[in-house]
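*Asks:* Dropping a prediction and its sequence here:
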Amino acid sequence: MANRFLNNISINDNYTLPATDGTNGQVIATNGAGTLSFVDAGSGGGGVTGSGTPSYLPIWNGTTSLGNSNAYQNIAGDITLINGKGLVVSGGDIDLSTGRIFLTNAGITQTENGTTTVDVLDASDLPATLAANTTYVIHGNLSVSTSHVASNNSAIVGRDRNKDRITYTAKSGTFLTITDVSFSMANLTLSSTGDSSTLIQATDVASSGYNNGRNHFFTLVNCQFRNITGNVMDVKGFDLVDFNNTTFFYIQSPTFGCRFQDVSKLEISSCEFIRWFDESSLPTPSGYATCSMIEFQANSLSNFGAVNINGCIIHPQQTQNGLNISTSSTTGFGTIAANAFVNVGLTTGAILAGSDYNDTSMLTYDVFANQGLADSTSYVYGYQSGTDAQAARTTFGALSISTFVVGVFQRFTALSNGLRYDGSKPLVVTFNCSLDVTGVGGNNEQFEFQLYKLIGGTLISPIAGSTRLIELDSGEIGGPALFATTTINQNDVLTVYWRSPTNDKFTLANFSIQIKQ
């Protein structure tokens, strides 16, 4: 069979050639039935349509058409995403081998194992209601004028507390409200410019239920609260409030600083509370805060379960109080240890205000090894005023003292039958008693003295080894010294009992007692 030629292309006689030439750019295509014709590329001719831009990576915008994608490759070979466009990886990996991804002013949202991490580049990236199980990573300095609400297990963090900051610029209102959820903050600085504003309002407590409904955590780690014109925070309830390695400085709060109420467990460790004045006033400080740095408010729906303040530096200024514990608060177990309390520059302010160690609010606190703050050691020294005649008795009973003067005391109360220990911490104490006894009546009068402990104020128990026996003639003076070491618990009473085996009487003079932890 003969062949025919068209433009040097050999076509078998089984195909019918087009009768006319096609137009520029067209191609010859078969209809599958022996007929050839000129068609446009991409419309049955095996090609594609569309146009592109040099360096841009193409993308299919139809089944047979290409256009520009949102990525391009520059002369160095790097692939760049057009500003505002995102890269989403769903169910797979990006394998760069030994390569790298470079992002400039581009945020990443990543979800893994039910937790989402969101980069926050400006205020609009921080939603009014923070999403649950989401961590918002602050990049740089953000000015925020709107209020926000935390959801459960949400968090706001920075990468470096000296570089990443949120400044709340509203004149009033609250930057962040935390209600009945767990929330954490780390590696971040918080500031405010409105003197009627509050940075954090946190609540997690109820009037009833197990642990009074305190089921959530509020955590601050490695943060700074700096350059705050308004109030700092008001925290009510929570199962655990834990502040660690966080600084509170250059603060001018007018009403409250770090205020707490009804917290089940409160831990403040390795934190600094210093320089509560306007930083811009340096080198001559002014604009001092007038509120307490740390304040424990009166009980409301519950009480403080356990409090631990340790390893901190606390330096109140002028009229300011460092730690203010309301006398109407109660704490189950409290420890204040190994802190540096600085009183330089204090005028009418105090290191510890509101309560002292003898108040019910602080009887459960163990305070020790703090610079600038006395230990909560329990002790008492008391003595008899005048002389007291004692009627004869052959069975042990308490001395009769008409006027007993308490000289110095801490966590002890003088009762008619002895000295009661009020603190909650079990103690080992030394108990010393000295007395002058003058015989009255005949000769060879015998008097036996013994230190006693009334356990819980009722059950009488003599302290072994403390008994002393003296024998006097009429007018003769004896001076037995009684001493013992014993354990005591809250409400135990320490006292002196006596009897006369010879049923004689005596006059008591120069009687004194010393008990110390």
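*Replies:* Ah, there it is.

*Asks:* Assumed Ser124 was part of a helix.
*Replies:* Yes: counting by DSSP: H, G, I helix; E, B strand; the rest coil, Ser124 is found in a helix.

*Asks:* Hmm, Thr117 is touching Val137, no?
*Replies:* Yes: in this structure, Thr117 is within contact of Val137 by Cβ atoms under 8 Å, at 6.3 Å. Every residue, glycine included, has its C-beta placed from N, CA and C.

*Asks:* Tell me which of these two has more neighbours.
*Replies:* Val137 (21 against 15; other Cβ atoms under 10 Å).

*Asks:* May I have the beta-bridge partners of the more buried one?
*Replies:* Per DSSP bridges, the residues bridged to Val137 are Asp119, Val157.

*Asks:* and it, what pLDDT?
*Replies:* With respect to pLDDT, Val137 scores 97.

*Asks:* And Leu282, by the same measure?
*Replies:* Looking at Leu282, the pLDDT reads 95.

*Asks:* now swap in Ser69 and tell me
*Replies:* 71.

*Asks:* That one and Ile274, how far apart?
*Replies:* 55 Å (Cβ to Cβ, to the nearest Å).

*Asks:* Repeat that for Tyr288.
*Replies:* In terms of Cβ to Cβ, Tyr288 sits 13 Å off from Ile274.

*Asks:* do Thr255 as well
*Replies:* 20 Å.

*Asks:* Next: Leu176.
*Replies:* According to Cβ to Cβ, Leu176 stands 24 Å off from Ile274.

*Asks:* show me where the stretch 401-517 of the chain has strands.
*Replies:* 404-410, 412-415, 418-421, 427-440, 445-455, 459-462, 468-472, 477-478, 481-488, 493-499, 505-516 (DSSP state E, counting those that start in this stretch).

*Asks:* Of those, which stretch is the most buried?
*Replies:* strand 418-421 (a mean of 23; mean count of other Cβ atoms under 10 Å).

*Asks:* just the helices in the protein please.
*Replies:* Assigned helices in the chain: none (criterion: DSSP state H).

*Asks:* Local confidence estimate at the residue lying closest to Ile108 once chain neighbours are set aside?
*Replies:* Sequence neighbours aside, Asp119 is the residue nearest to Ile108 in space, at 5.1 Å (criterion: Cβ to Cβ, 6 or more residues apart in numbering). We have a pLDDT of 94 for Asp119.

*Asks:* Asn83 now?
*Replies:* Reported pLDDT for Asn83: 59.

*Asks:* again, but for Gly441
*Replies:* 82.

*Asks:* hang on, it packs against Asp504?
*Replies:* Yes: assessed by Cβ under 8 Å, Gly441 is found in contact with Asp504 at 5.7 Å.

*Asks:* May I see the buried residues of stretch 136-151?
*Replies:* Neighbour-count burial for stretch 136-151 flags Tyr136, Val137, Ile138, His139, Leu142, Val144, Ser147, His148, Ala150, Ser151 (criterion: 16 or more other Cβ atoms under 10 Å).

*Asks:* Also stretch 292-303?
*Replies:* Quick answer for stretch 292-303 (16+ other Cβ under 10 Å): Ser292, Met293, Ile294, Glu295, Phe296, Gln297, Asn299, Leu301, Ser302, Asn303.

*Asks:* next one: stretch 199-208
*Replies:* Leu199, Ile200, Gln201, Ala202, Thr203, Asp204, Val205, Ala206.

*Asks:* Bridged to the second one, which residues?
*Replies:* Taking DSSP bridges as the rule, Ile200 bridges to Leu176, Met233.

*Asks:* Tell me how far it lies from Val440.
*Replies:* Distance from Ile200 to Val440, by Cβ to Cβ: 72 Å.

*Asks:* how close does Ile251 get to His315?
*Replies:* 12 Å.

*Asks:* Okay, strands next: where are they in the stretch 51-200 of the chain?
*Replies:* Going by DSSP E, counting those that start in this stretch, the stretch 51-200 of the chain shows strands at 56-60, 65-73, 79-81, 109-112, 115-120, 134-138, 141-144, 148-149, 154-158, 165-168, 172-179, 183-186, 189-192, 196-204.

*Asks:* possible to save those strands as JSON lines with distance to Leu482?
*Replies:* Converted to JSON lines, the strands of the stretch 51-200 of the chain look like this (distance: least, Cβ to Cβ, whole Å):
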{"stretch": "strand 56-60", "distance to Leu482": "97"}
{"stretch": "strand 65-73", "distance to Leu482": "93"}
{"stretch": "strand 79-81", "distance to Leu482": "88"}
{"stretch": "strand 109-112", "distance to Leu482": "72"}
{"stretch": "strand 115-120", "distance to Leu482": "67"}
{"stretch": "strand 134-138", "distance to Leu482": "66"}
{"stretch": "strand 141-144", "distance to Leu482": "69"}
{"stretch": "strand 148-149", "distance to Leu482": "66"}
{"stretch": "strand 154-158", "distance to Leu482": "62"}
{"stretch": "strand 165-168", "distance to Leu482": "65"}
{"stretch": "strand 172-179", "distance to Leu482": "58"}
{"stretch": "strand 183-186", "distance to Leu482": "57"}
{"stretch": "strand 189-192", "distance to Leu482": "60"}
{"stretch": "strand 196-204", "distance to Leu482": "53"}
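
*Asks:* To Gly311, which of those strands lies closest?
*Replies:* Nearest to Gly311, of all these, is strand 183-186, at 18.4 Å by Cβ to Cβ.

*Asks:* between Thr255 and Ile274, which one's more packed in?
*Replies:* Per other Cβ under 10 Å, whichever of Thr255 and Ile274 has more neighbours is Ile274, with 18 against 15.

*Asks:* ok, that one touching His315?
*Replies:* Yes: if you go by Cβ under 8 Å, Ile274 and His315 touch, sitting 4.5 Å apart.

*Asks:* mind listing what the residue nearest to Gly230 when sequence neighbours are not counted touches?
*Replies:* Closest residue to Gly230 apart from its sequence neighbours, by Cβ to Cβ, 6+ apart: Ser197 at 3.6 Å. Residues counted as contacts of Ser197 (Cβ atoms under 8 Å, 6 or more residues apart in numbering) are Tyr168, Ala170, Lys171, Ser172, Gly173, Thr174, Phe175, Thr229, Gly230, Asn231.
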